[in-house]
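Asker: Predicted model follows, preceded by the sequence.
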Amino acid sequence: MHGFSDPLADHGAWEYDVRTQEIRWSDGVYRIHGLTRDDFDPPDFDQIRALVHPEDLESYALSIRSAIADRTPFTIQHRIVRPDGVVRTLLVRGAFLQGQRDRLVGTTQDVTGRQGIDERLWHLANHDPLTGLFNRRRFLEELERELAVARRGSTGGAVLMIDVDRFKDINDTLGHVTGDAVLVNIANALRDRLRATDTLGRLGGDEFALVLPGCPRDAATRLAGEISAAISERAVVRIAGRDRRATASVGVAQFGDGRDVAPDEVLVEADLAMYTAKARGPGEVEVFAEEMRTEFSARLRVEADLRDAIERNEFEIAYQPLVSLLDGATTGCEALLRWNHPRRGRIPPAEFIPVAEEHGLMGRIGAWVLEEACVEGAGWHRDGHEAFVSVNVSAQQLARNHIGELVDGVLRRSGLPASSLWLEVAETALLHDISPLVPTLHAVRERGVRVAIDDFGGGTSSLGLLRVLPIDAIKIDRVFVAGLPDRSDDRATVAAAISMAGELGLSVVAEGVEDAGQHRELRELGCEVAQGFLYAKPQPIERISLDGYPDAVELASVD
């Protein structure tokens, strides 16, 4: 191209012969770089790389290597440092000539003079405006380049999908300003873990992704755990004067090892692993396994069917009586949700309730359960019976802070006295951020409704909760009742819970009582009410004996 006159002052042309490695620049390219042909003619890649800004060198080199390997057109924006120390921003475009797989030609444009507009537009097109990380489109481009490198070599790598746990609750209860601050803190925590060769992006919402070239499975899994811990350390929000830590679930997917895989497929695998981790609990890490596809497909089918289950009248409620350990009287009953699927039959609550919670469906389903249970419980009172009805409420219902208005409407429509309604809250919903929920629980109790902690004892700070929560009762987890009377540690846990509840004026219900030995041990420890198969299985409300279960209690009380 010697002697070729570039038509524009800020443009130049170039060509590269892949076979001979020869590079030729027009005068305009030399001029843009602040060089003349006397400096080097012809140029080589080492000389060109020496001019690239150190912060842009990795992405520049990767883009060139990928384009040459795949014979694809490319556009790169990067900075150079000219010999006089001046930094310029260049836009380089290249493509292989049609029918000539060894001849790459292109243009170089100096866009520094227009950076007030062009660079801002380029940055906006490639970066997330909140965190400054790569956006989804740019991240996928970088991932495609890494996959192309992996296809040509023996080294692979890993993709990490990172999703904030219960982020919607953070936005709903604390506001989007706080939610944005959490995302920025997480982005900064992730940046601190990056190697020079890694690529980090925010894919949307509370979802981040990280490409780890040349990273084997064990190292990627270890780094995922470190990232989860770092997020918990850095992503802190202040609630009612106390610091609360956000957590994130992380999924890991491998690429390379001869696999010809597309970027979207790797992300799907990492996403499936992340959802599996999230199902295990907050802050967990999981590595992709092929069976996750089948499990996820099943969850998608459950989600789709759940959305129509109410209109199709597929839900029903079974009631299990709460029985006095002293005389067998029925003091109340718990409403238990059941789903009769038209094709699959009875689906266990443990299978569909986590799906409903994950996809924000528990508010609607829970409102239906509350309405039905109060209507049926009100029938008892019209017949002169005083037994209460107990209904489970999800953390989502409490977090949205509409439970008070919901209860008001249900009680008004059903005619059930507020004193005859218990709301049960799972202890696991209260172990992380209880401060926003305390006013909600106070508002419920002010209406005359009683509040109980369900599955009590499974948390790491259970007994401490009793001193700070506005509650009326605890229901001891069946896991501890099952160990009675033989396991001394379970007996000690149950005894401590009953003792502290007594000191605080709380009622105690033991769950999952199935044999006479458990019954006798609970009564000896001072527990007054229990429920379980020993007395009655869950059943339609009309089959509940409001006269009680004295025969079962009498038999169980005999040594």
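Answerer: Sure, I can see it. Numbering: from 1, shown residues only.

Asker: contacts and neighbour counts: CA atoms only from here.
Answerer: Will do.

Asker: From the rest of the structure, what touches stretch 438-446?
Answerer: 398, 401, 403-404, 407, 450-451, 469-471 (Cα atoms under 8 Å, 6 or more residues apart in numbering).

Asker: Among these, name the ones in helices.
Answerer: 398, 403-404, 407 (DSSP state H).

Asker: tell me the centre residue of this structure?
Answerer: Asp165 (3.9 Å; Cα atoms, centre = their mean).

Asker: which ones are touching that residue?
Answerer: Applying Cα under 8 Å, 6+ apart, the residues near Asp165 are 246-249, 278, 282-283.

Asker: Now distance to Glu524, pLDDT and neighbour count too, for the ones in helices among the contacts of stretch 438-446, in JSON lines please.
Answerer: Listed next are the ones in helices among the contacts of stretch 438-446 as JSON lines, based on distance: Cα to Cα, whole Å; pLDDT from 0 to 100; neighbours: other Cα atoms under 10 Å:
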{"residue": "Leu398", "distance to Glu524": "35", "pLDDT": "75", "neighbour count": "20"}
{"residue": "Ile403", "distance to Glu524": "37", "pLDDT": "83", "neighbour count": "20"}
{"residue": "Gly404", "distance to Glu524": "38", "pLDDT": "85", "neighbour count": "18"}
{"residue": "Val407", "distance to Glu524": "37", "pLDDT": "92", "neighbour count": "21"}
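
Asker: Kindly state the domain boundaries assigned to the protein.
Answerer: 11-125, 130-289, 357-557 (automatic domain parsing).

Asker: wait, which of those domains is closest to Arg344?
Answerer: Closest of the domains of the chain to Arg344 is domain 357-557, at 19.4 Å (criterion: Cα to Cα).

Asker: The stretch 251-400 of the chain: helices as residue ranges?
Answerer: 263-280, 291-309, 349-358, 362-382, 395-399 (DSSP state H, counting those that start in this stretch).

Asker: Output these as a markdown table; include the columns distance to Asn171.
Answerer: Conversion of the helices of the stretch 251-400 of the chain to a markdown table gives the following (distance: least, Cα to Cα, whole Å):
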| stretch | distance to Asn171 |
| --- | --- |
| helix 263-280 | 19 |
| helix 291-309 | 23 |
| helix 349-358 | 16 |
| helix 362-382 | 17 |
| helix 395-399 | 10 |
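
Asker: Of all these, which one is nearest Ala418?
Answerer: Taking Cα to Cα, helix 362-382 is the member of these nearest to Ala418, at 9.8 Å.

Asker: Please give the centre-to-centre distance between that closest one and its chain.
Answerer: Offset of helix 362-382 from its chain centre (Cα atoms, centre = their mean, to the nearest Å): 31 Å.

Asker: just use 46 as the starting number from now, easier for me
Answerer: Let's use 46 as the start, then, which means that last one is helix 407-427.

Asker: now for that helix, which elements pack on it?
Answerer: Judged by 3 or more Cα pairs under 8 Å, 6 or more residues apart in numbering; DSSP states H and E, the packing partners of helix 407-427 are strand 375-386, strand 433-438, helix 440-444, helix 448-459.

Asker: worst average pLDDT in the ones you listed?
Answerer: Across the helices and strands packed on helix 407-427, helix 440-444 has the smallest mean pLDDT, namely a mean of 71.

Asker: what ranges do the strands span in the stretch 96-245 of the chain?
Answerer: 119-126, 132-141, 148-155, 202-209, 244-249 (DSSP state E, counting those that start in this stretch).

Asker: Ranked by average pLDDT, which of the helices of the stretch 296-445 of the chain falls at the bottom?
Answerer: When I compare the helices of the stretch 296-445 of the chain, helix 440-444 is least confident, with a mean of 71.

Asker: ok, back up a step: hmm, which two among the ones in helices among the contacts of stretch 483-491 are most spread apart?
Answerer: Leu443 and Val452 (11.7 Å).

Asker: farthest pair in the contacts of stretch 483-491?
Answerer: Val452 and Leu514, at 19.5 Å, using Cα to Cα across these.

Asker: Quick check: strands, which of the contacts of Asp210 are part of them?
Answerer: 293-294 (DSSP state E).

Asker: Same list, the contacts of Asp210, but as CSV with neighbour count please.
Answerer: Conversion of the contacts of Asp210 to CSV gives the following (neighbours: other Cα atoms under 10 Å):
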residue, neighbour count
Ala291, 25
Thr292, 25
Ala293, 29
Ser294, 29
Lys323, 23
Pro327, 17
Gly328, 22
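
Asker: Check the contacts of Asp210 and tell me the two furthest apart.
Answerer: Ala291 and Lys323 (13.5 Å).

Asker: rewinding a little: tell me which of the strands of the stretch 96-245 of the chain lies nearest to Ala193.
Answerer: strand 202-209 (11.7 Å).

Asker: now the closest one: mean pLDDT?
Answerer: 93.

Asker: what's around Ala343, how many residues?
Answerer: 11 (other Cα atoms under 10 Å).

Asker: For Pro530, see how far away it is.
Answerer: To Pro530, Ala343 is 40 Å away according to Cα to Cα, to the nearest Å.

Asker: Then Asp86?
Answerer: For Asp86 relative to Pro530 (Cα to Cα), the value is 90 Å.
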